[in-house]
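A.B. asks: dropping the sequence and predicted coords here.
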Amino acid sequence: MNETVLSVVGLVLVAISLCFSALQTREVARQSRINNGIGSATALVEVNNLIRSWHERLLHDPSARPYFFDGKPCPPDDAERPKVLTFAELLGDVLECNLQMASLLPAFHFAHSWHHWPAEMLQHSPILNEVVESHPAWWPTLHLLQQQIRAGVPLTHPLSKGHKTRRRSSHSDLGGGVRPRHDTDAGTAIPGGDKAAIRLQR
């Protein structure tokens with residue numbers, strides 16, 4: 001009799017333990033979804049801040065806008081070239097950060113379309129194309145997108161699983177690597193490499 005009672009009590013305790021474990025698992029999953037949502041929202045805000053900072057610089061110097069939105073070329077003898085090169089390098093940092101951050105989001109499908117704006121900028125800006133082509137290791141993901149455009153294939157996010165192009169080696173997977181800056185414009189050049197967010201928010 002006692003053995004039967006003990007067995008029943010043991011089974012009840014096991015059932016209670018399993019129910020408690022199930023509730024714990026459900027709560028952990030719920031917290032994970034919440035944290036993923038917060039992470040995605042934070043990433044979106046940070047990327048938008050970078051984009052806005054670059055546009056604010058352009059707003060203070062509107063003469064540079066045609067080089068990025070209207071397809072205006074920037075030949076070596078262009079008096080604006082030093083300044084425009086700096087703008088192009090800063091934009092390359094922003095676009096690379098945009099592409100890299102999208103791939104790091106917990107729910108990548110949320111940001112798989114983030115390559116559309118970088119692609120349009122590459123298609124409309126000869127000077128951006130030039131700097132990316134000249135230094136592919138500085139902006140490896142942006143360079144992969146540039147290759148897609150030139151190949152005429154359907155555009156996808158370069159870091160999505162469906163993209164089969166192999167990434168070129170770089171010094172850093174999260175910022176294109178630390179690179180030298182030529183002092184093209186002492187008034188606007190900002191030294192650094194993979195610290196695009198810090199540079200642009202100053």
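C.D. replies: Right, received. Where do you want to start? Residues are numbered from 1 along each chain as shown.
A.B. asks: pLDDT weak spots in this protein?
C.D. replies: 1-3, 5-6, 8-10, 12-13, 20, 23, 26-40, 106-111, 161-202 (pLDDT under 70).
A.B. asks: for it, just list every one of the helices.
C.D. replies: 2-60, 66-69, 81-104, 116-124, 126-134, 140-151, 196-201 (DSSP state H).
A.B. asks: of all those, which one is nearest residue 160?
C.D. replies: helix 81-104 (7.6 Å; C-beta to C-beta). For glycine as for every other residue, the C-beta is placed from the backbone atoms N, C-alpha and C.
A.B. asks: angle of that closest one against helix 116-124?
C.D. replies: 150 degrees (axes from the mean of the first three to the mean of the last three C-alpha atoms, to 10 degrees).
A.B. asks: what helices and strands are in contact with helix 81-104?
C.D. replies: With contacts defined as 3 or more C-beta pairs under 8 Å, 6 or more residues apart in numbering; DSSP states H and E, helix 81-104 has these neighbours: helix 2-60, helix 66-69, helix 116-124, helix 126-134, helix 140-151, helix 196-201.
A.B. asks: quick one on the thing from earlier: as JSON lines, the helices of the chain with mean neighbour count and distance to residue 159 would be great.
C.D. replies: JSON lines is the format used below for these (neighbours: other C-beta atoms under 10 Å; distance: least, C-beta to C-beta, whole Å):
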{"stretch": "helix 2-60", "mean neighbour count": "12", "distance to residue 159": "14"}
{"stretch": "helix 66-69", "mean neighbour count": "19", "distance to residue 159": "24"}
{"stretch": "helix 81-104", "mean neighbour count": "22", "distance to residue 159": "4"}
{"stretch": "helix 116-124", "mean neighbour count": "17", "distance to residue 159": "12"}
{"stretch": "helix 126-134", "mean neighbour count": "18", "distance to residue 159": "16"}
{"stretch": "helix 140-151", "mean neighbour count": "20", "distance to residue 159": "6"}
{"stretch": "helix 196-201", "mean neighbour count": "17", "distance to residue 159": "17"}
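A.B. asks: turn those helices into JSON lines, including distance to residue 157.
C.D. replies: Compiled in JSON lines, those are given as follows (distance: least, C-beta to C-beta, whole Å):
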{"stretch": "helix 2-60", "distance to residue 157": "14"}
{"stretch": "helix 66-69", "distance to residue 157": "22"}
{"stretch": "helix 81-104", "distance to residue 157": "6"}
{"stretch": "helix 116-124", "distance to residue 157": "9"}
{"stretch": "helix 126-134", "distance to residue 157": "16"}
{"stretch": "helix 140-151", "distance to residue 157": "8"}
{"stretch": "helix 196-201", "distance to residue 157": "19"}
